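>>> Turn this into a model:
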Amino acid sequence: MTDEVRVERREGVLVVTIDRPEARNALTRAVAEGVAAGVDELDADDGLRVGVLTGAGSTFSAGMDLRAFLRGETPAIEGRGLCGITQTPPRKPLVAAVEGWALAGGFELVLACDLVVAAETARFGVPEVKRSLVAAGGGALLLPTRVPRNVAMEMLLTGDPIDARRAAEVGLVNRVTAEGGALEGALALAATIAANGPLALAATKAVVLGGADWTTGEGWARQAELVAPVFASEDAREGAAAFAEKRRPVWRGR
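Modelled structure (predicted):
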């Protein structure tokens, strides 16, 4: 980790916090390396089931740190995208907890997450066109996969932000909380997810993300490759046994 990113474990959930509130959690190379290291830890540790990505203070992230950019820094990790997650998201589920603004690169980090919990005062935007730039860190590619195309086009071509309520209406945000409650809301959602079988969670995410690129014919074959080990696992037998015995399952990840 770096001084600009904090990680904390909470009963199978890894919380990764961008910790630059004085700079609105703007993204630097150090932030990128810290977030990438956090998601690598999430995927590598069998005791961790779900990740939560958030920002310290009242802002999720205002995007790339322009002062760092002028020094020649970039918050992209080669081959992995912005902060190491926009091109190669973690294998395990990742939830964004959003307070305040998620702009430009900050919004693209939200799009790299699987689920979003936002405070009612949160705002989301891709303002790049207002500076004759393109949301090339994932915004233009990922936003149309998360909301209706015409909504994505409006956000991308006007550069104007939307609030949490509108984001929820169009399907971008899963849950809206009171101001200051996004992290706790995300942790509650993460805890629900973490109670499920870890092999099934990872395989389900892989099918959902991969399915967009598969033809109908290959989709069934690729899905079978991913889910066969899950159905043959000790955890699958444990899940069935726990249901029959009316007890909570004890997952072993194998």
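>>> Check which helix or strand residue 53 maps to.
strand 50-55 (DSSP states H and E).
>>> got the buried residues for the helix or strand that comes right after that strand?
Downstream of strand 50-55, the next assigned helix or strand under DSSP H and E is helix 66-70. By 16 or more other C-beta atoms under 10 Å, the buried positions in helix 66-70 come out as residue 68. For every residue, glycine as well, the C-beta is placed using N, CA and C.
>>> Likewise for stretch 58-78?
Result for stretch 58-78 [16+ other C-beta under 10 Å]: buried residues 59, 60, 61, 62, 63, 64, 65, 68, 73, 75, 76, 77.
>>> go on, stretch 221-240?
Applying 16+ other C-beta under 10 Å to stretch 221-240 flags 222, 223, 227, 230, 233, 235, 236, 238, 239 as buried.
>>> what do you get for stretch 96-111?
Neighbour-count burial for stretch 96-111 [16+ other C-beta under 10 Å]: 96-111.
>>> Dump stretch 81-93 to PDB, restricted to CA.
Taking C-alpha atoms only, stretch 81-93 is exported to PDB below (Å, rounded to 0.1, in the frame of the first residue of the first chain):
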ATOM      1  CA  GLY A  81      -6.000   0.400 -17.100                       C
ATOM      2  CA  LEU A  82      -6.800   3.200 -14.700                       C
ATOM      3  CA  CYS A  83      -5.700   2.300 -11.200                       C
ATOM      4  CA  GLY A  84      -5.300  -1.300 -12.400                       C
ATOM      5  CA  ILE A  85      -9.000  -2.100 -12.600                       C
ATOM      6  CA  THR A  86     -10.700  -0.500 -15.600                       C
ATOM      7  CA  GLN A  87      -9.200  -3.000 -18.200                       C
ATOM      8  CA  THR A  88      -8.600  -5.900 -15.800                       C
ATOM      9  CA  PRO A  89     -11.200  -5.800 -13.000                       C
ATOM     10  CA  PRO A  90     -10.600  -8.100 -10.000                       C
ATOM     11  CA  ARG A  91     -11.900 -11.700 -10.200                       C
ATOM     12  CA  LYS A  92     -14.000 -11.200  -7.000                       C
ATOM     13  CA  PRO A  93     -16.900  -8.800  -6.700                       C
END
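>>> from the middle of its chain, how far away would that stretch be?
8 Å (C-alpha atoms, centre = their mean, to the nearest Å).
>>> neighbouring contacts of it?
27, 31-33, 35-36, 39-40, 42-43, 48-51, 75-77, 79-80, 94, 105, 108-109, 111-115, 137-138, 142, 190, 193, 198, 201-202, 205-206, 209 (C-beta atoms under 8 Å, 6 or more residues apart in numbering).
>>> Sort out which of those are in helices and list them.
Secondary structure assignment by DSSP state H places 31-33, 35-36, 39-40, 42-43, 105, 108-109, 111, 142, 190, 193, 198, 201-202, 205-206, 209 of the contacts of stretch 81-93 in helices.
>>> Look up the closest residue to residue 113, ignoring the ones flanking it.
residue 96 (3.9 Å; C-beta to C-beta, 6 or more residues apart in numbering).
>>> helix or strand for the one you found, which one?
Per DSSP H and E, residue 96 falls inside strand 94-98.
>>> Strand partners (parallel or antiparallel) of that strand?
Partners of strand 94-98 in the sheet, by DSSP bridges, are strand 50-55 (parallel), strand 115-119 (parallel).
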